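Asks: can't give you the sequence, but here's the structure:
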RNA sequence: CGCGGGGUGGAGCAGUUGGUAGCUCGUCGGGCUCAUAACCCGGAGGCCGAAGGUUCAAGUCCUUCCCCCGCAA
């Protein structure tokens, strides 16, 4: 089929690659404009752009798509059968959605209608759900409200966001490729979302990573996993910011104030949280790499009674 | 050229005003012990990120480069 592919981050790379491999003709890869980012303030291409260049696919990077006649015209001239959208970063207006023959299909990282929005993978982990997955939907003008065309699920277990992300990206690639094998049948079987069951997963910010030790150890542990690798769960200790990357919730109760270090040993750092203990096993000091708490304590001292905030 | 921290035995850290490297842990051997992540004794293991330079002498000063990381985006 003749496809337009719209996506930006790593999550959107595997599907584009698999579709290209499956023999589809990707007329354009549409992605967000290059941005200044990273250390050194370098101009970085989006992962989708990098891959598109590698695959020899022409790249479009409109800064806005609403009321952008030039962009719309290019799409019309491409005469696509469908547009595949995955974490593109902008909501598409009706004028664009209607251009492809079969409309636009979106790959979303959750089991819709649960977790519509920008951070579905993280939200599923934080919520403590047993499983999550990917959903292919036939896009409409709303935010992740289109009819559902296909779904695949996977258990969350103790996976981090990064692990789930990579897994779901692959699942999404497979699912969209399969869907396109019989797109007419898939669209015929499309199922409406039950709005009553919908939840929203807002975009994360750096501040979301700040650890609130009044939460239960279990909740904090889930957030640590959800925010790995970004934005990272951090806390302030003795005036410096530390990131916590691995922890386990213990049943053991404590009277110590929330955030107090009650024990520091080779097996971890025990911190009071929500009346019980959160044992931190992997930590990162500023300017340092992630390391096991035991390793960190070999060359650094954390005194019992230190309070994290 | 956005700001900043760092690269030292397997791991984490020290290393003073430059004078041939130290701590904690691990590891190996031995001892003590009912026993132990305990304790005691002993040993192995380091081209101090790379390349130049200054110097009688550099981990420690200067230059260039490589790599890792935090902030900010």
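Replies: Structure received. Just so it is clear, the structure is predicted and the values come from calculations on it, not from any experiment.
Asks: Could you report the neighbour count for residue A:39?
Replies: Residue A:39 is flanked by 5 other residues according to other CB atoms under 10 Å. Where you see a C-beta, it was placed from the backbone N, CA and C, and this is true even at glycine.
Asks: how about it, phi and psi?
Replies: Residue A:39 has phi and psi values of phi -60, psi 140 when expressed as degrees, to the nearest 10.
Asks: just the one 3 residues further on next, same as before
Replies: In terms of degrees, to the nearest 10, the main-chain angles of residue A:42 are phi -90, psi 150.
Asks: who's it bridged to?
Replies: Beta-bridge partners of residue A:42, counted by DSSP bridges, are residue A:37.
Asks: How many residues are close by it?
Replies: Residue A:42: 10 neighbours (other CB under 10 Å).
Asks: Same question for residue A:251.
Replies: With other CB under 10 Å as criterion, residue A:251 counts 7.
Asks: before we move on, which element is it in?
Replies: strand A:240-253 (DSSP states H and E).
Asks: Each with direction, which strands does that strand pair with?
Replies: strand A:233-237 (antiparallel), strand A:276-284 (antiparallel).
Asks: Any part of it near RNA strand B?
Replies: Yes - Strand A:240-253 reaches RNA strand B (CB under 7 Å from any atom of the strand) through A:241, A:243.
Asks: Please compute how far that strand lies from its chain's middle.
Replies: 22 Å (CA atoms, centre = their mean, to the nearest Å).
Asks: pLDDT of it, averaged?
Replies: Averaging pLDDT along strand A:240-253 gives 93.
Asks: tell me which residues in stretch A:205-223 are buried?
Replies: A:208-209, A:211, A:213, A:215, A:217, A:219-223 (16 or more other CB atoms under 10 Å).
Asks: Show me which of the residues you listed is closest to RNA strand B.
Replies: residue A:209 (7.9 Å; CB to the nearest atom of the strand).
Asks: residue contacts, that closest one?
Replies: With contacts defined as CB atoms under 8 Å, 6 or more residues apart in numbering, residue A:209 is in contact with A:227, A:231-234, A:243.
Asks: follow-up on the earlier one: so which of the strands paired with strand A:240-253 is the most packed in?
Replies: Greatest average neighbour count among the strands paired with strand A:240-253 goes to strand A:276-284 (a mean of 21), per mean count of other CB atoms under 10 Å.
Asks: Need the mean per-residue confidence for that strand.
Replies: 94.
Asks: Tell me the spacing between the nearest residue to residue A:246 once chain neighbours are set aside and residue A:243.
Replies: Nearest residue to residue A:246, sequence neighbours excluded (CB to CB, 6 or more residues apart in numbering): residue A:282, at 3.5 Å. According to CB to CB, to the nearest Å, residue A:282 stands 9 Å off from residue A:243.
Asks: Generate CSV for the contacts of residue A:209, with distance to residue A:86 as supplementary columns.
Replies: Below are the contacts of residue A:209 laid out as CSV (distance: CB to CB, whole Å):
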residue, distance to residue A:86
A:227, 22
A:231, 22
A:232, 24
A:233, 27
A:234, 29
A:243, 29
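Asks: Where does the stretch 151-300 of chain A get nearest to RNA strand B, which residue?
Replies: Scanning the stretch 151-300 of chain A for proximity to RNA strand B using CB to the nearest atom of the strand identifies residue A:299 as nearest, at 2.3 Å.
Asks: Quick check, residue A:193 in contact with residue A:110.
Replies: No - look at residue A:193 against residue A:110 with CB atoms under 8 Å: they stay out of range, at 11.5 Å.
Asks: Which one of the strands paired with strand A:240-253 lies nearest to residue A:133?
Replies: Among the strands paired with strand A:240-253, the nearest to residue A:133 by CB to CB is strand A:233-237 (24.4 Å).
Asks: which residues sit in contact with the residue nearest to residue A:7 when sequence neighbours are not counted?
Replies: Distances taken as CB to CB, 6+ apart put residue A:86 closest to residue A:7, at 4.2 Å, once the chain neighbours are dropped. Contact analysis of residue A:86 by CB under 8 Å, 6+ apart lists A:6-7, A:11-12, A:15-16, A:106-107, A:172, A:176.
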